[in-house]
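Participant: how would this look folded up:
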Amino acid sequence: HLPTSPSPEPYIFLSHQLIIMKLAIATLLVGSAAAFSPSASTKHSTALNVNELELGAVAPLGVYDPLGWLDGEPENFERRRAVERKHGRIAMMAMLGTFVHNNGWTFDGYLSPSTGLKFSDIDSGINGLFQVPAAGLAQIILFCGFVELTWWPASDLSGDYGVRLGTLNDWEEQPSKYYRQKNAELNNGRAAMM
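Facilitator: Presented below is the predicted three-dimensional model:
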């Protein structure tokens with residue numbers, strides 16, 4: 001008597017889930033890529049002229065420059081501010097990921113079907129990083145490099161990549177929002193980096 005093979009139904013169901021998950025991720029990536037495409041509208045001048053040095057300056061410290069770089073190398077301020085802004089944005093995204101994962105919100109399914117590793121099996125904190133397979137870490141690094149080269153180029157020091165979210169950041173129509181939102185972004189980024 002020949003042994004019978006296991007029913008293929010669980011494998012078909014798992015394969016179907018993987019296809020749906022991959023399609024959902026691909027749809028999200030295509031949609032998010034469209035959000036970061038350059039705006040076709042032209043830049044308008046605003047009546048608000050804010051000195052970049054004033055952004056992020058809060059009482060009681062004012063402009064915080066403990067190393068005296070503004071006095072010694074003022075020509076490098078724009079580049080340093082751009083680096084601070086970008087690092088703050090990355091730190092804010094990392095904090096959001098930490099909050100989401102620590103609250104137990106995970107994707108259903110497998111992070112690595114070949115090794116049987118589920119998203120819910122990944123620990124929180126830095127230990128979770130070492131549980132992700134090497135191919136997954138390579139994908140993360142490649143995606144970050146793609147974003148750096150295409151959407152957030154290091155050559156654009158303004159930090160404004162032309163993404164407008166309706167009335168949320170329509171600085172051309174409501175210039176008074178610019179100072180408040182840029183100040184909040186810098187200070188929240190600093191808090192996230194701490």
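Participant: hang on, Leu111 packs against Ala135?
Facilitator: No - in this structure, Leu111 is not within contact of Ala135 by C-beta atoms under 8 Å, at 10.6 Å. To be clear about C-beta, it is placed using only N, CA and C from the backbone, and glycine gets the same treatment.
Participant: compare the two (neighbour count), which wins?
Facilitator: Taking other C-beta atoms under 10 Å, Leu111 and Ala135 do not tie; Leu111 has more neighbours (18 against 9).
Participant: contacts for the helix or strand encompassing the more buried one?
Facilitator: Here Leu111, judged by DSSP states H and E, is contained in strand 110-112. Residues from elsewhere that reach strand 110-112, judged by C-beta atoms under 8 Å, 6 or more residues apart in numbering: Leu18, Gly116, Leu117, Lys118, Phe119, Asp121, Ile122, Val132, Pro133, Ala135, Gly136.
Participant: and the last one, what pLDDT?
Facilitator: Read that as Gly136. Per-residue pLDDT puts Gly136 at 90.
Participant: same question for the third one.
Facilitator: Here the pLDDT value assigned to Leu117 is 91.
Participant: please name the nearest non-neighbouring residue to it.
Facilitator: Leu111 (4.9 Å; C-beta to C-beta, 6 or more residues apart in numbering).
Participant: ranking helices and strands of the protein by mean pLDDT, which lands last?
Facilitator: Lowest by mean pLDDT, DSSP states H and E among the helices and strands of the chain is helix 9-35, with a mean of 61.
Participant: average pLDDT for the following helix or strand past that one, rounded please.
Facilitator: Scanning forward in sequence from helix 9-35 by DSSP H and E, the next helix or strand is helix 69-72. Mean pLDDT, computed over helix 69-72, is 78.
Participant: distance between the helix or strand that helix 69-72 is followed by and the chain's centre?
Facilitator: Using DSSP H and E, the next helix or strand after helix 69-72 towards the C-terminus is helix 77-102. Relative to its chain's centre, helix 77-102 lies at 8 Å (C-alpha atoms, centre = their mean, to the nearest Å).
Participant: quick check: buried residues in helix 77-102?
Facilitator: Buried residues in helix 77-102, counted by 16 or more other C-beta atoms under 10 Å: Arg81, Ala82, Glu84, Arg85, Lys86, Gly88, Arg89, Ile90, Ala91, Met92, His101.
Participant: buried only: go through the contacts of strand 110-112 for me.
Facilitator: Leu117, Ile122, Val132.
Participant: wait, the second one sits on Gly136?
Facilitator: Looking back up the chat, that one is Ile122. No - under the criterion of C-beta under 8 Å, Ile122 makes no contact with Gly136, lying 10.1 Å away.
Participant: am I right that Glu185 sits in a strand?
Facilitator: No - applying DSSP: H, G, I helix; E, B strand; the rest coil, one finds Glu185 to be helix, outside a strand.
Participant: so it makes contact with Arg85?
Facilitator: Yes - using C-beta under 8 Å, Glu185 is in contact with Arg85, at 7.1 Å.
Participant: look up how far Gly97 lies from Phe77.
Facilitator: 30 Å (C-beta to C-beta, to the nearest Å).
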